[in-house]
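A.B. asks: model this:
(one chain, ligands or ions: 1)
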Amino acid sequence: MTTTVIAPQQATRIDCDRCGVRALSLAILPGGGELAFCGHHGRAHEEHLAAAGAQMVPLP
Ligand SMILES: [Zn+2]
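C.D. replies: Just a heads-up that it's a prediction; the model follows:
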């Protein structure tokens, strides 16, 4: 099992995968993918993502 930890330091701008505005958080999925969310969509999906085992990482 390999674990890839992505540290979004000095991040280039990341846009919300849902609406395209600047993302404020990144969800790292247990299967290996990532989803970026703005404040609104981060809140909207946070519980569901956490329940699925995703790790929420705040972006600077
Ligand atoms: Zn959004």
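
A.B. asks: residue contacts, residue 45?
C.D. replies: By Cβ atoms under 8 Å, 6 or more residues apart in numbering, the residues touching residue 45 are 27, 35, 37. Just so you know, the C-beta spots here come from the backbone N, C-alpha and C atoms, and that holds for glycine as well.

A.B. asks: The residues you listed in strands, which ones?
C.D. replies: Judged by DSSP state E, the contacts of residue 45 include 27, 35, 37 as members of strands.

A.B. asks: As TSV, the residues you listed with distance to residue 21 and pLDDT would be great.
C.D. replies: Formatted as TSV, the ones in strands among the contacts of residue 45 follow (distance: Cβ to Cβ, whole Å; pLDDT from 0 to 100):
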residue	distance to residue 21	pLDDT
27	16	96
35	14	96
37	10	97
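
A.B. asks: most neighbours, which of these?
C.D. replies: Tallying neighbours with other Cβ atoms under 10 Å puts residue 37 at the head of the ones in strands among the contacts of residue 45, with 26 neighbours.

A.B. asks: give me the beta-bridge partners of it?
C.D. replies: residue 25 (DSSP bridges).

A.B. asks: and which of the contacts of residue 45 is nearest residue 18?
C.D. replies: residue 37 (6.7 Å; Cβ to Cβ).

A.B. asks: Output the below-cut-off pLDDT ranges for the protein.
C.D. replies: The model of the chain has pLDDT under 70 over residues 1-11.

A.B. asks: Repeat the analysis, applying 90 as the threshold.
C.D. replies: Flagging of the chain using pLDDT under 90 yields the residue ranges 1-13, 60.

A.B. asks: Quick check: residues of it near the ion?
C.D. replies: Contact residues, the chain versus the ion (Cβ under 5 Å from the ion): 16, 18, 19, 38, 41.
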